[in-house]
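Novice: would you be able to build a 3D model of this:
(one chain, ligands or ions: 1)
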Amino acid sequence: MIFTVAIDGPAAAGKGTISRALAAEFGFAHLDTGLLYRAVGAKGGDPELAAQNLSPEDLARPDLRSLEAGQAASRVAVLPAVRAALTEFQRRFARRPGGAVLDGRDIGTVICPQAEVKLYVTASAEVRARRRWLEVGGDAAQVLAEVRERDDRDMTRAEAPLKPAPDALVLDTSTMTIEQAVTEAIRIVAARSASSTTA
Ligand code: CDP
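Specialist: Numbers count the residues shown, from 1 in each chain. Predicted structure coming up:
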């Protein structure tokens with residue numbers, strides 16, 4: 001069975017938690033594509049070469065979830081050569097047998113426009129910054145500024161900008177608990193997978 005769930009959206013919207021829950025619920029493989037860009041940014045040197053030569057150790061670095069790694073990721077993510085070097089791996093992952101959930105910025109628009117389910121998970125910048133602050137701590141105003149700066153860079157770049165695919169379902173989690181958001185996402189995927197197996 002080939003079945004892809006594409007989850008896109010801005011920083012700290014809840015994509016990671018929702019993706020992991022969907023993968024566990026339906027037995028799909030999960031790829032956090034942000035980690036690829038974070039690893040390229042953290043590696044330093046020529047970003048294109050870094051993207052072409054990512055190793056499992058690069059993806060296992062303990063510092064990849066930091067604010068700095070997020071900023072470095074969004075700076076290398078504007079480079080077409082970096083995106084091109086990571087595309088094939090993500091496309092193959094998306095169509096692997098047994099089902100896959102990928103979360104990122106351009107999964108439903110560029111990596112896998114044929115995905116069976118496309119979700120655009122979002123929330124207000126204030127809510128997202130508060131969630132990120134609860135994870136990483138530090139200065140709350142700086143976390144909000146960082147979230148806004150990264151959103152702006154991700155949404156305005158020329159190559160694969162962050163935006164909902166025309167046929168994506170938008171899930172605004174601003175006033176939802178994470179449990180509510182997960183329940184809603186599971187309901188959407190279950191409905192779609194039932195209709196695609198009976199079609
Ligand atoms: O976890 P969070 O949503 O904060 O970020 P992430 O998903 O780990 O992504 C880090 C950065 O990588 C983003 O701000 C984007 O600039 C970039 N990225 C991208 O361009 N395309 C993707 N498919 C995933 C991430």
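Novice: show the contacting residues for V136.
Specialist: Counting by C-beta atoms under 8 Å, 6 or more residues apart in numbering, V136 touches 65-67, 143. C-betas here are computed from N, CA, C, even on glycine.
Novice: so which of these belong to helices?
Specialist: Among the contacts of V136, the members found in helices (DSSP state H) are 67, 143.
Novice: and the buried ones among the contacts of V136, selectable in ChimeraX?
Specialist: If you want just the buried ones from the contacts of V136 in ChimeraX, going by 16 or more other C-beta atoms under 10 Å, the selection is:
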select :67,143
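Novice: reformat the contacts of V136 as CSV; add pLDDT and distance to A84.
Specialist: Shown next, in CSV, are those (pLDDT from 0 to 100; distance: C-beta to C-beta, whole Å):
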residue, pLDDT, distance to A84
R65, 92, 25
S66, 91, 26
L67, 89, 27
V143, 95, 31
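Novice: just the strands in the chain please.
Specialist: 4-8, 29-32, 100-104, 117-122, 169-172 (DSSP state E).
Novice: over stretch 109-126, what's the mean pLDDT, rounded is fine.
Specialist: Averaging pLDDT along stretch 109-126 gives 98.
Novice: ok, stretch 1-21 next?
Specialist: For stretch 1-21, mean pLDDT rounds to 96.
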